[in-house]
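Q: Turn this into a structure:
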Amino acid sequence: MTDQGSLTQYALTSLDGQGWKQVGEFGTAFVLSALIGLEREVKQKAAGLRTYTVVGFASALFMLVSKYGFGDVLSQDDVVLDPSRVAAQIVSGLGFIGGGIIFVKRDAVRGLTTAASIWLTAAVGAAAGAGLLLLALLATAGYFVAILLLPYATRWATDRWTSPAPTLNVHYLEGRGLLREVLSRITDAGFVVADVSTSRVARRPGEPSAGDGTATEAVTVQVGLEGAGEVPELVTQISELEGVLEVYVAHDESTE
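A: Numbers count the residues shown, from 1 in each chain. As a prediction, this is how the structure comes out:
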């Protein structure tokens, strides 16, 4: 008589495309996608652990269905299927998710890295579903190298070949207490405020008023930055503050 364990193993291995091999591929896609999503979740990005995990193992499922889901149809001599077409559709289908994450505000682009990492996660899931587990592992490792280690290389190159003391120029409406918030964002981004200077200028044509139709003066503050923070990210954060009209970075040409 066959015991229960043997029956279970027979049930899993006797079904085409639903054996332990496919379960392992599906599980690998789940774990690797979750690792990528966890890193995004910790950094509080637009898409986090759940989104990345679902994208990764859903891509693996598409690949498994493409490889094994049409065996009964292929028994007919006049039917020919190309599993690679599903991989191509995964690449194009993820475009709508990436397009929804990327947005532009005042010439600052946000969400590019998140959209690209979702795209990569789909590729990792597809590779795992196709049985290319080594490539899926290498792609995941490459992601963490690019996200966690390359920023240090960028900072090293920046410190070596560019001006070490950029000046942040913020043009904003007066009377909203923005200077304190600007300085807070600077320190939270990992910079030290080397020096601060402000100047009041008349509101430029076309700039927003205080909200009641009155003419409001604008203030330009120049903040000398020191430290190893991410300047583009800081510019993006400050540009999103209500009342900020313009943000840009200047470098001391004498040090270049």
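Q: okay, Leu135: pLDDT?
A: pLDDT for Leu135: 91.
Q: mind checking how far it is from Gly27?
A: The gap separating Leu135 from Gly27 is 16 Å, by Cβ to Cβ, to the nearest Å. Bear in mind the C-beta positions are built from the backbone N, C-alpha and C, glycine included.
Q: Give the residue spans of the stretch 1-150 of the chain that score low on pLDDT.
A: For the stretch 1-150 of the chain, residues meeting the criterion pLDDT under 70 lie at 1-17, 46, 70-81, 83-84, 98, 100, 102-109.
Q: can you give me the strands for it?
A: 103-105, 108-110 (DSSP state E, counting those that start in this stretch).
Q: what do you get for the stretch 151-256 of the chain?
A: 167-173, 191-201, 218-227, 244-250.
Q: if you compare those, which one is most tucked away?
A: strand 167-173 (a mean of 20; mean count of other Cβ atoms under 10 Å).
Q: domain parsing for this structure?
A: 4-158, 164-251 (automatic domain parsing).
Q: wait, what's in contact with the nearest residue to Leu173 once chain neighbours are set aside?
A: Computed as Cβ to Cβ, 6 or more residues apart in numbering, the closest residue to Leu173 that is not its neighbour in sequence is Gly243, at 4.4 Å. Neighbour list for Gly243: 172-173, 176, 178 [criterion: Cβ atoms under 8 Å, 6 or more residues apart in numbering].
Q: Just send those residues back as TSV, with pLDDT and distance to Lys67 too.
A: Shown next, in TSV, are these (pLDDT from 0 to 100; distance: Cβ to Cβ, whole Å):
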residue	pLDDT	distance to Lys67
Tyr172	88	57
Leu173	86	59
Arg176	77	59
Leu178	86	57
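Q: which outside residues touch the longest helix seen in the chain?
A: Ranked by residue count under DSSP state H, the longest helix found in the chain is helix 20-42. Helix 20-42 is contacted from outside by 12-13, 47-57, 59-61, 64, 68, 114, 117, 120-121, 124-125, 128-131, 133, 136-137, 140, 143-144, 147-148, using Cβ under 8 Å, 6+ apart.
Q: how does it look with 6 Å?
A: For helix 20-42, the surrounding residues in contact (Cβ atoms under 6 Å, 6 or more residues apart in numbering) are 48-49, 52-53, 56-57, 60, 64, 121, 124-125, 128-129, 131, 133, 136, 140, 143.
Q: Thank you, goodbye.
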